[in-house]
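In: Sharing a sequence plus its predicted fold:
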Amino acid sequence: MWYRTSVWLLLALVWPTGVRGATTAEEEIFAGLPGVFVLVEALGDEIQQDGLRREQVQTDVEIRLMQSGIRVLGKERAFTIPGVPFLYLNVGTIKHGTDFYAVCVDLSLRERVRVTRKGKTFSVVGTTWRRASRVGMLSSAAIVRSIREAVEDAVDEFVTEYRASNQQ
């Protein structure tokens, strides 16, 4: 157990956390994107016991996107859009004792892309944009609020880059 906690602590100290702007390729990926389906990965049992719910995080992300003018697609509608674009959020947590969590928030835009290998073309789901993961140690006392704020920051980065590519 100490090993896993030590690895998370080490990652928290060295993992890149800076905000970055969109590259030219990313700007082209966002251009004309009609909206996204939102998929939030299941949360761990301990963080749920401490009050964070996947549905709550899902709603937070969807509301933030809609308030920013980005269309949130239902699953059925997403499957009618080329590439089936979806915004994927994974909030990883490991509780250390009763006082701290190691937390990683990872947000990415995933789409079906074509890959050609040895003359054969096939379709796979690929990450076309990713917000740099944020890793850190957070107090259990404020864990739900802190994670929701970290998710909000990640979504805001997506919104900023999306808007920059889709200005009228």
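Out: Received the coordinates, thanks. Quick caveat, the model's predicted, so the values are computed rather than measured.
In: rest of the way, CA atoms for contacts and neighbours
Out: OK.
In: Output the lowest mean pLDDT helix or strand found in this structure.
Out: For the chain, counting by mean pLDDT, DSSP states H and E, helix 2-14 ranks last in confidence among helices and strands (a mean of 41).
In: Leaving out sequence neighbours, find the closest residue to E41.
Out: Distance criterion CA to CA, 6 or more residues apart in numbering; nearest residue to E41, sequence neighbours excluded, is N90 at 5.2 Å.
In: measure V61 to R114 for me?
Out: When distance is defined by CA to CA, to the nearest Å, V61 is 28 Å away from R114.
In: Of these two, which one has the most company?
Out: More crowded of V61 and R114, by other CA atoms under 10 Å: V61, with 23 against 13.
In: surely that one meets A154?
Out: No - in this structure, V61 is not within contact of A154 by CA atoms under 8 Å, at 9.5 Å.
In: Need the phi and psi values for R64.
Out: As for R64, its main-chain torsions (degrees, to the nearest 10) stand at phi -60, psi -40.
In: I147 now?
Out: Dihedral pair for I147: phi -70, psi -40, per degrees, to the nearest 10.
In: And P85, by the same measure?
Out: The phi/psi pair for P85 (degrees, to the nearest 10) reads phi -70, psi 130.
In: just checking, it touches V125?
Out: No - between P85 and V125 there is no contact under CA under 8 Å: 9.4 Å.
In: Neighbour count for those two, which is higher?
Out: Comparing P85 with V125 by other CA under 10 Å, the one with more neighbours is P85, at 26 against 14.
In: Now for the most centrally placed residue in the chain: which residues touch it?
Out: Note on the chain: the residue nearest the mean C-alpha position is L107, at 1.5 Å, using CA atoms, centre = their mean. Contact partners of L107, counting by CA atoms under 8 Å, 6 or more residues apart in numbering, are 87-90, 130-133, 154-155.
In: How about the secondary structure of it?
Out: strand (DSSP: H, G, I helix; E, B strand; the rest coil).
In: can you pull out the helices in the protein?
Out: With helices called from DSSP state H, the chain shows them at 2-14, 24-30, 45-49, 54-67, 75-78, 143-165.
In: I'd like these as a markdown table, with distance to A102 appended.
Out: What follows is those, written out as a markdown table (distance: least, CA to CA, whole Å):
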| stretch | distance to A102 |
| --- | --- |
| helix 2-14 | 6 |
| helix 24-30 | 30 |
| helix 45-49 | 11 |
| helix 54-67 | 18 |
| helix 75-78 | 31 |
| helix 143-165 | 10 |
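In: Relative to its centre, which residue of this structure is most distant?
Out: Distance to centre of the chain, CA atoms, centre = their mean, peaks at G119 (33.3 Å).
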